[in-house]
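In: Just to be clear, the model below is a prediction. Sequence and coordinates:
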There are 2 protein chains.
Amino acid sequence: MNNFIFQNPTKLVFGKGEIAQLATLIPTDKKIMMTYGGGSIRKNGVYNQVKEALKNHSVSEFGGIEPNPEYETLMRCVSECRENGIDYLLAVGGGSVIDGTKFIASALKWEGEPWDFLVRPLKVTEAVPLAAVLTIAATGSEMNNGSVISRREFKEKRFFFNDACFPQFSILDPTVLYSLPKHQLANGIIDSFVHVVEQYITFDNKAYIQDYWAEGILKTLIEVAPKLMDNQEDYDSCSNFMYAATMALNGFITMGVAEDWATHMIGQELTALHGLDHGVTLAIVYPGVIKVMKADKREKLLQYGERVFGITTGTEDERIDKTISATEEFFKSLGVKIKLSDYNIGNETIEEVAHRFGERGYNLGERGKITPEVIKQILNEVR
Amino acid sequence: MNNFIFQNPTKLVFGKGEIAQLATLIPTDKKIMMTYGGGSIRKNGVYNQVKEALKNHSVSEFGGIEPNPEYETLMRCVSECRENGIDYLLAVGGGSVIDGTKFIASALKWEGEPWDFLVRPLKVTEAVPLAAVLTIAATGSEMNNGSVISRREFKEKRFFFNDACFPQFSILDPTVLYSLPKHQLANGIIDSFVHVVEQYITFDNKAYIQDYWAEGILKTLIEVAPKLMDNQEDYDSCSNFMYAATMALNGFITMGVAEDWATHMIGQELTALHGLDHGVTLAIVYPGVIKVMKADKREKLLQYGERVFGITTGTEDERIDKTISATEEFFKSLGVKIKLSDYNIGNETIEEVAHRFGERGYNLGERGKITPEVIKQILNEVR
């Protein structure tokens, strides 16, 4: 096991009916900016529940944060917060709204152009306090310090971390998933799944519990996925999925182990260049990564195949191939197409993605072996 | 899954050589009281490492905190802290030292007799900040808000919780286990194991990940135990065991599930009355609990047998009996005797333990079905 430092101060408030807790979770002397997305919270009742719980608070609103939250939009909210003396941010939405709100919270404490802490090497360490009411299970943003922001003007999608951006609390009511569009449910399942494998399918870290815990999340996602696709209003499936998505990216499974993240980094570029849903990009790229990197990931792929999919027969090479196929079939079972050609993406994009990482001057993967050349191989594998 | 609230702010600093981090983890303007036990830290080098790291800090010392930390001893430290204007406590030791230090930290902020918050209904919510350097893997106190204190004068052992007692940080260097006496290693493995089953072997909570995670810790303990008993200086085994002990009682596996704790409550009385090691009491009592409560715990015992011990053949009743035997054999494999008669404990104690819970007026177990009568059955089962 590698040496590590871990801390996650976010309070999780989980379960049906818990949105009402907002009334006491935020001090009444705070000036709150409530942020949200395209308005689905008005249809599913969450907006009314939040407003009811906060009826004795001072609440401003900023709606319209888009999927892959946009720098220009968020900067407008930063101005409104400054004008209104906001000192508490409440994100009501999915990962895009929460990520966007983390950016707003950080930008409010940043002197100068906030784009600078997205392109680094400047590091942001302060933020206005924020909390979340989660409406989509997927990104894990509700219990971590990370955020991904897009700037369509530059066709860029960039991430940052800020320890002051751990939500003070996040409320997770699984019944909010009952009315989520099916494709968002599928994307969320894929996103959670790939978060786990990015932290698990690397090499043997001699970290036994971390492996069992990663496998436990994967097995749970595989178990609940077909049930959810069949009946979205099943509380057991919704609650286990929502819990899985949070546990997949809150640092609990990553203590003392190596991490990959090549799939996320490459996928991010496909979204930046073509606007593909984040979950879709992962379902496309991940099979390519494990095909091209299968020698490096050999031991873990065998373990993943056996413990998660029960693949125990055949030669080792056959078992690895079956395991990769089982992963592809899982993504496809969620109704997602997993080839670049399904989205009319070809060689020009492959070259551009490789070029971008070449320019940034760092390689990807748990051993830093995924060079721009290997990125091309990966994307050609899933063409 | 049940509704729940979770928060654990403790920073974990894990790995070989990490004690040196103390130098920057505690602000230099703090007046620190370093607490410890019987002096093993002078033999294993931890004392010198701590003193070296804190050479630019103001550090007082209080040694001699005993196993099952004693109220009178801790109250002496409270006086010394007051006299010296202490505003930071650093526990260097195992669960007893950390529990004792949590008590000192709370008592320093309590007006009146601190025994009152051990016998309740008064609740303590404030504490002087504290941190820990762990030297024994067992109780999980390094990453939770609980503490158990003994008062030999009354033959009592009582617990309290205080959210202000989550250590600000805990440093876990697995190499400290290299020189731990074998019986403490065995006790620690049993303590960690029983912490997990108290949160796992109840009934079906429809909490899939929590089950997998509990099983992952149990399997890890079963895997590392014989390796550790054979070669205590194996870093992989020490690090995985130390990690397991912390994860067993930091709230990570208990979100949204029922909890038992009958074994701990009954075992605590055996320590109070006879001075038995905590781990030993658990190894005695737990088999009695699952024998007497096997109808209530049926579903979970079958799952535990199959997933943890690989018991899949025979009728359900046979599988449960095999599972209970496997649990007993695991405890015995650590060199611990698991019958009351091995410790010359007989009917008088059984009656006294039942009487005590009768007086307190509450039943034990995840469904509150363990009455004083059932406590007698459990203890007679392991006589």
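Out: In hand now; what should we look at? Numbers count the residues shown, from 1 in each chain, chains lettered A, B, ... in the order given.

In: avg pLDDT for the lengthiest helix in chain A?
Out: Identified as the longest helix of chain A according to DSSP state H is helix A:208-230. Rounded to a whole number, the mean pLDDT of helix A:208-230 is 98.

In: Enumerate the residues of the stretch 51-200 of chain A near chain B.
Out: A:Phe169 (Cβ under 8 Å from any Cβ of the partner chain). Heads up, the C-betas are built off the backbone N, CA and C, glycines and all.

In: mind listing the strands in the stretch 1-150 of chain A by residue range?
Out: A:4-14, A:31-35, A:58-62, A:88-93, A:130-134, A:146-151 (DSSP state E, counting those that start in this stretch).

In: Can you list the strands that the longest one pairs with?
Out: So that's strand A:4-14. Sheet partners assigned to strand A:4-14 using DSSP bridges are listed as strand A:169-172 (parallel), strand B:4-14 (antiparallel).

In: of the ones you listed, which approaches A:Phe154 most closely?
Out: strand A:169-172 (30.6 Å; Cβ to Cβ).

In: Tell me, what's the model's pLDDT at A:Val119?
Out: So A:Val119 comes in at 89 (pLDDT).

In: For B:Ile209, see how far away A:Ser239 is.
Out: 10 Å (Cβ to Cβ, to the nearest Å).

In: ditto for A:Lys219
Out: Taken as Cβ to Cβ, the span from A:Lys219 to B:Ile209 is 9 Å.

In: Those two: which is more packed in?
Out: Each of A:Lys219 and B:Ile209 has its neighbours counted (other Cβ atoms under 10 Å in any protein chain shown); B:Ile209 has more, 23 against 18.

In: got a list of what that one touches?
Out: Contacts for B:Ile209 (Cβ atoms under 8 Å, 6 or more residues apart in numbering or on different chains) come out as A:216-217, A:220, A:240, A:243-244, A:247.

In: Pull out the buried members of the residues you listed.
Out: Buried subset of the contacts of B:Ile209 (neighbour count, 16 or more other Cβ atoms under 10 Å in any protein chain shown): A:216-217, A:220, A:240, A:243-244, A:247.

In: Please produce a markdown table containing those, extended by distance to chain B.
Out: Formatted as a markdown table, the buried ones among the contacts of B:Ile209 follow (distance: Cβ to the nearest Cβ, whole Å):
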| residue | distance to chain B |
| --- | --- |
| A:Gly216 | 3 |
| A:Ile217 | 6 |
| A:Thr220 | 4 |
| A:Asn240 | 5 |
| A:Tyr243 | 6 |
| A:Ala244 | 6 |
| A:Met247 | 6 |
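
In: Give me the residue at the spatial middle of chain A.
Out: Closest to where the C-alpha atoms of chain A average out (Cα atoms, centre = their mean) is A:Thr139, at 2.5 Å.

In: What residue, apart from its backbone neighbours, is nearest it spatially?
Out: Spatially, and ignoring its direct neighbours in sequence, A:Thr139 is nearest to A:Gly95 (2.8 Å; Cβ to Cβ, 6 or more residues apart in numbering or on different chains).

In: ok, now A:Thr101?
Out: Using Cβ to Cβ, 6+ apart, the nearest residue to A:Thr101 is A:Ala91, at 3.8 Å.
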